[in-house]
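Enquirer: below are the sequence and a predicted model; questions follow.
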Amino acid sequence: MGYILSFDFGTGGVRAGVYDTNRRFMVAMAEAPYQTLYPRAGWAEQDPADWSAALRVAGRDALDRAAVRSVEAVCCGTTASTVAVCLRDGTPLRPALLWMDCRAEAEARETARLTHPVMQYCGGSDAVEWLVPKAMWLKRHQPDIWSRAEVICEALDYVNHDLTGKWVASRMNAACKWNYDSAKGQFCPEVYDALGIADLLNRLPQDVIPVGGRIAPMRAEMAADLGLTNLPMVAQGGIDAHIGMLGANIVAPGGMLFIGGTSVVQLTQLGGLADVSGFWGPYPNALTDGHWLVECGQVSAGSVMQWLAGTIFGLDGTGQGALIAEVAATPARAEGLLALDYWMGNRTPYRDGALRGAMLGLTLGHGRADIYASVVDAVALGSANVLACLNERKVPIGRVVLAGGIVKNAAWLQATVDALARPVHVAREDNLSLVGAAVAAASAVGLYGSVAEAARAFESPSHEILPDPARSEYFARTLPLYRQATEALMPVMHELSSRQTENKR
């Protein structure tokens with residue numbers, strides 16, 4: 001009997017899972033939290049040292065619960081682009097810029113002027129969340145730190161260095177976030193040069209390894225910290241949500257993985273290059289060879305619901321559960337309201353980090369359940385907008401697999417199914433990133449011939465949820481209003497975003 005240890009570094013903490021490779025089943029799971037700081041409007045940071053500490057706590061706890069002291073392989077998924085700035089030995093020089101940090105809005109807009117062929121793989125410009133705009137911001141605004149930095153990398157690269165002592169990059173992250181040409185397998189230094197960060201290239205990990213590739217055996221010190229008696233192979237992972245595609249067996253073109261949590265990510269693969277303007281990609285060979293990955297999503301989702309219920313309404317866990325149950329039982333209560341879900345900007349299809357949240361139609365007769373329901377509907381409308389835009393671009397979507405924290409929020413879950421107006425499969429595993437990392441690890445040590453074969457073997461079972469026709473009709477009528485309000489308020493949002501930035505300087 002063999003075992004695999006997988007990690008999912010999310011926004012609020014890390015989960016560790018121990019998988020039995022014979023039964024292809026998780027036998028134990030543990031988690032450890034870490035803190036996010038929000039020093040200014042639109043900024044979000046974490047301490048990389050907290051990732052290292054949490055990795056050891058969660059990893060050892062999971063292994064203890066499984067009564068396992070030897071594993072064949074280890075693999076991680078992390079948020080992206082969460083950008084760490086380090087010395088060569090891994091010492092952080094500043095807090096990491098979390099994936100949702102949108103301070104590099106101006107820099108992201110500058111990337112749209114590039115005409116390099118690699119830009120066709122990202123729709124013509126970079127997102128504010130990506131490593132390249134964040135690196136541009138760092139060089140401009142913190143030149144002293146930039147000059148001292150020996151490594152600028154993803155959270156994944158930092159964690160893999162902690163595990164192995166080697167600086168390597170995931171082909172997935174490089175293709176999706178670094179303007180790396182994954183069709184040719186090479187960096188594009190002329191892109192960095194044109195953006196004023198030619199010296200980024202020598203700070204990035206140079207060894208680019210595909211998902212499921214081997215990195216190196218685990219460091220002895222790390223194995224001891226985790227309580228392992230062997231030095232397992234560390235396999236290359238990738239972006240947490242994207243790795244989840246392997247856990248859901250969404251590898252062949254036409255399927256979609258929908259992960260709802262702090263944010264929403266919708267992912268699909270194409271059989272070839274296509275026009276997906278408004279979305280991110282298509283990225284060649286990012287997940288699997290011969291396929292083109294398309295990334296869609298919403299920056300603010302569960303985070304807005306948590307902010308509203310916890311920070312604004314002041315509800316504890318029990319109170320939030322009661323609020324969700326009330327909204328789930330009366331979903332139509334917000335049908336006279338319209339909210340826009342852009343608290344931290346928009347990922348797709350507007351690709352605009354300067355959009356902000358809004359709520360329309362409020363009267364003195366509305367209460368907190370109505371307001372919460374309107375936010376739930378706003379996030380669901382944002383998801384419906386993504387699929388509608390894909391359909392307009394002739395990207396076929398068949399089977400949709402849904403996972404993440406959304407499955408624990410009955411109001412959000414059903415609103416999403418109703419807004420999509422199609423049956424949705426809900427994965428039994430609430431963390432497909434852990435499953436996907438286990439898939440990559442199993443492939444790396446030769447248990448399967450490819451990550452696609454391993455994905456078929458590890459696929460998480462699911463059950464189907466059907467839409468409510470009446471609510472689907474409501475969302476179909478409301479989506480044009482959602483789009484109209486977005487276009488009308490866009491200049492106002494941009495001005496307010498600019499003022500927020502100026503006031504916090």
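Expert: Arrived safely, thanks for sending.
Enquirer: how far out from the middle of the chain is stretch 208-224?
Expert: Relative to its parent chain, stretch 208-224 has a centroid offset of 22 Å by CA atoms, centre = their mean, to the nearest Å.
Enquirer: C-alpha coordinates for that stretch, PDB please?
Expert: Once non-C-alpha atoms are left out, stretch 208-224 reads as follows in PDB (Å, rounded to 0.1, in the frame of the first residue of the first chain):
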ATOM      1  CA  VAL A 208      10.200  25.300 -16.100                       C
ATOM      2  CA  ILE A 209       8.600  21.900 -15.300                       C
ATOM      3  CA  PRO A 210       5.200  20.700 -16.500                       C
ATOM      4  CA  VAL A 211       2.400  19.700 -14.200                       C
ATOM      5  CA  GLY A 212       3.100  16.200 -13.000                       C
ATOM      6  CA  GLY A 213       6.900  16.500 -13.700                       C
ATOM      7  CA  ARG A 214       9.500  15.600 -11.200                       C
ATOM      8  CA  ILE A 215      11.300  18.300  -9.200                       C
ATOM      9  CA  ALA A 216      13.500  16.600  -6.700                       C
ATOM     10  CA  PRO A 217      13.400  14.400  -3.600                       C
ATOM     11  CA  MET A 218      12.300  16.200  -0.400                       C
ATOM     12  CA  ARG A 219      14.900  17.800   1.800                       C
ATOM     13  CA  ALA A 220      15.900  15.700   4.800                       C
ATOM     14  CA  GLU A 221      15.100  18.600   7.100                       C
ATOM     15  CA  MET A 222      11.600  19.000   5.700                       C
ATOM     16  CA  ALA A 223      11.000  15.200   5.900                       C
ATOM     17  CA  ALA A 224      12.000  15.300   9.600                       C
END
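Enquirer: and it, what's its mean pLDDT?
Expert: Averaged across stretch 208-224, the pLDDT comes to 99.
Enquirer: what of stretch 474-489?
Expert: For stretch 474-489, mean pLDDT rounds to 98.
Enquirer: so how far is that stretch off the chain centroid?
Expert: How far stretch 474-489 lies from its chain's middle: 26 Å, per CA atoms, centre = their mean.
Enquirer: for stretch 378-391, same thing?
Expert: On CA atoms, centre = their mean, the centre of stretch 378-391 falls 17 Å from the chain's centre.
Enquirer: and for stretch 26-35?
Expert: The chain centre lies 18 Å from the centre of stretch 26-35; the measure is CA atoms, centre = their mean.
Enquirer: buried sites along it?
Expert: 26, 28-32, 34 (16 or more other CB atoms under 10 Å). Using the backbone N, CA and C atoms, a C-beta is placed for each residue, glycine as well.
Enquirer: got the contact list for it?
Expert: 3, 12-20, 46-47, 50-51, 53-55, 57-59, 61-63, 65-66, 68, 429, 431, 434-435, 438 (CB atoms under 8 Å, 6 or more residues apart in numbering).
Enquirer: just the buried ones from those?
Expert: So, by 16+ other CB under 10 Å, the buried ones in the contacts of stretch 26-35 are 3, 12-20, 46-47, 50-51, 54-55, 57-59, 61-63, 66, 68, 429, 431, 434-435, 438.
Enquirer: which of these fall within helices?
Expert: Counting by DSSP state H, the part of those found in helices is 50-51, 54-55, 57-59, 61-63, 66, 434-435, 438.
Enquirer: and of these, the nearest to residue 353?
Expert: Of all those, residue 353 sits closest to residue 51, with 24.4 Å by CB to CB.
Enquirer: was I right to think the closest one contacts residue 155?
Expert: Yes - with contact defined as CB atoms under 8 Å, residue 51 counts as touching residue 155 (6.5 Å).
Enquirer: what do those two both touch?
Expert: Both residue 51 and residue 155 are contacted by residue 9, under the criterion CB under 8 Å, 6+ apart.
Enquirer: for the stretch 401-505 of the chain, give me the ranges with low pLDDT.
Expert: Applying pLDDT under 70 to the stretch 401-505 of the chain flags residues 503-505.
Enquirer: got the residue ranges for the helices in it?
Expert: 410-420, 432-444, 451-458, 469-503 (DSSP state H, counting those that start in this stretch).
Enquirer: and the last one, what does it pack onto?
Expert: Right, helix 469-503. In terms of contacts (3 or more CB pairs under 8 Å, 6 or more residues apart in numbering; DSSP states H and E), helix 469-503 is packed against strand 338-340, strand 358-360, helix 368-392, helix 410-420.
Enquirer: how close does the residue lying closest to residue 182 once chain neighbours are set aside get to residue 21?
Expert: The shortest distance from residue 182 to any non-neighbouring residue, by CB to CB, 6 or more residues apart in numbering, is to residue 175 (3.7 Å). Per CB to CB, to the nearest Å, residue 175 is found 28 Å from residue 21.
Enquirer: what average pLDDT does the strand or helix carrying the residue nearest to residue 182 get?
Expert: Under the criterion of DSSP states H and E, residue 175 resides in helix 171-177. What helix 171-177 shows for mean pLDDT is 97.
Enquirer: so what does that helix touch, helix or strand wise?
Expert: When contacts are defined as 3+ CB pairs under 8 Å, 6+ apart, helix 171-177 packs onto helix 131-141, strand 207-209, strand 233-239, helix 240-247, strand 280-284, strand 292-298.
Enquirer: quick check: buried residues in that helix?
Expert: Buried residues in helix 171-177, defined by neighbour count with 16+ other CB under 10 Å: 171-177.
Enquirer: pretty sure residue 250 contacts residue 268?
Expert: Yes - here residue 250 lies in contact with residue 268, judged by CB under 8 Å, at a distance of 7.4 Å.
Enquirer: more neighbours, those two?
Expert: Using other CB atoms under 10 Å as the criterion, residue 250 and residue 268 rank with residue 268 on top: 29 against 25.
Enquirer: thank you, goodbye.
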